[in-house]
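In: kindly return the folded structure for what I paste below:
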Amino acid sequence: MMSLPAEVYVPGGARDGIPVVVLLHGRGADRTDLFSLRRFLPSEWAVVAPDAPFAAAPWGYGPGRAWYRYLGRNRPEPDSFQRSLDDIDELLADLDNVIGHAPGPIALGGFSQGGTVSVGYALSHPGRVEHIINFSGFLADHPSVSATPETVAGTRFWWGHGTADPSIPFALAVEGRELLRQAGADLEARDYHMGHGITPEEVDDVVAWLRAGTAATS
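Out: The predicted structure follows:
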């Protein structure tokens with residue numbers, strides 16, 4: 001049994017080595033939210049969209065789920081954030097059972113809290129995933145997370161952010177991206193004239209980035 005309930009899509013004719021994108025929703029949403037992006041993603045990729053481990057309502061985040069309790073600025077509450085990192089690690093380790101095939105390249109990404117957890121996972125589990133997609137998250141100030149040459153090696157990062165984001169200010173994107181660059185990360189940064197959300201243009205940019213990265217490693 002998966003540690004996190006998930007929506008799963010596996011294309012017909014899939015075989016071992018299939019690329020997989022794992023999508024993490026934002027706070028107050030659930031696994032069906034980002035799973036709706038599946039139709040825009042490369043059709044030959046499997047898609048897994050899990051629920052976060054915590055109910056959002058006790059923290060005042062709405063009716064869905066949450067990845068961590070937010071303390072302000074770029075600070076998640078340490079224990080809840082670590083629980084999510086551990087649950088994602090367990091999910092990724094079990095992907096062969098989840099999708100029914102041995103996974104090939106893995107892209108881990110998400111929106112807002114989901115993007116923050118994705119970046120945090122990559123930096124706390126170096127080399128575990130090849131591609132990280134951050135839709136409007138931040139680089140977490142957390143004991144397990146640090147951007148160093150060792151933790152960014154072997155991972156491509158894509159970071160899109162709205163310049164008028166009222167929830168996670170654009171200044172946090174500038175700050176987090178700079179820390180990744182200083183560590184030598186392979187980073188694609190894109191700015192959008194929007195608030196806190198995901199636009200069709202942004203999804204198109206991510207798909208092009210994924211396809212380019214997959215072609216370069218195939």
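
In: so residue 197: helix, strand or coil?
Out: Put simply, residue 197 is coil when judged by DSSP: H, G, I helix; E, B strand; the rest coil.

In: what about it, distance to residue 112?
Out: Here the distance between residue 197 and residue 112 works out to 9 Å (Cβ to Cβ, to the nearest Å). Heads up, the C-betas are built off the backbone N, CA and C, glycines and all.

In: overlap in contacts of the two?
Out: residue 136 (Cβ atoms under 8 Å, 6 or more residues apart in numbering).

In: neighbour count for these two, which is higher?
Out: Regarding residue 197 and residue 112, a neighbour count based on other Cβ atoms under 10 Å identifies residue 112 as having more, with 26 against 15.

In: specify the local secondary structure of the spatially closest residue to the more buried one that is not a sequence neighbour.
Out: Counting by Cβ to Cβ, 6 or more residues apart in numbering, residue 112 lies nearest to residue 26, which is 3.5 Å off, once chain neighbours are set aside. Taken by three-state DSSP, the conformation at residue 26 corresponds to coil.

In: surely residue 26 is in contact with residue 56?
Out: No. Assessed by Cβ atoms under 8 Å, residue 26 is found out of contact with residue 56, at 9.8 Å.

In: longest strand of the chain?
Out: If each strand of the chain is counted by residues according to DSSP state E, the longest one is strand 103-111.

In: thanks a lot, see you next time.
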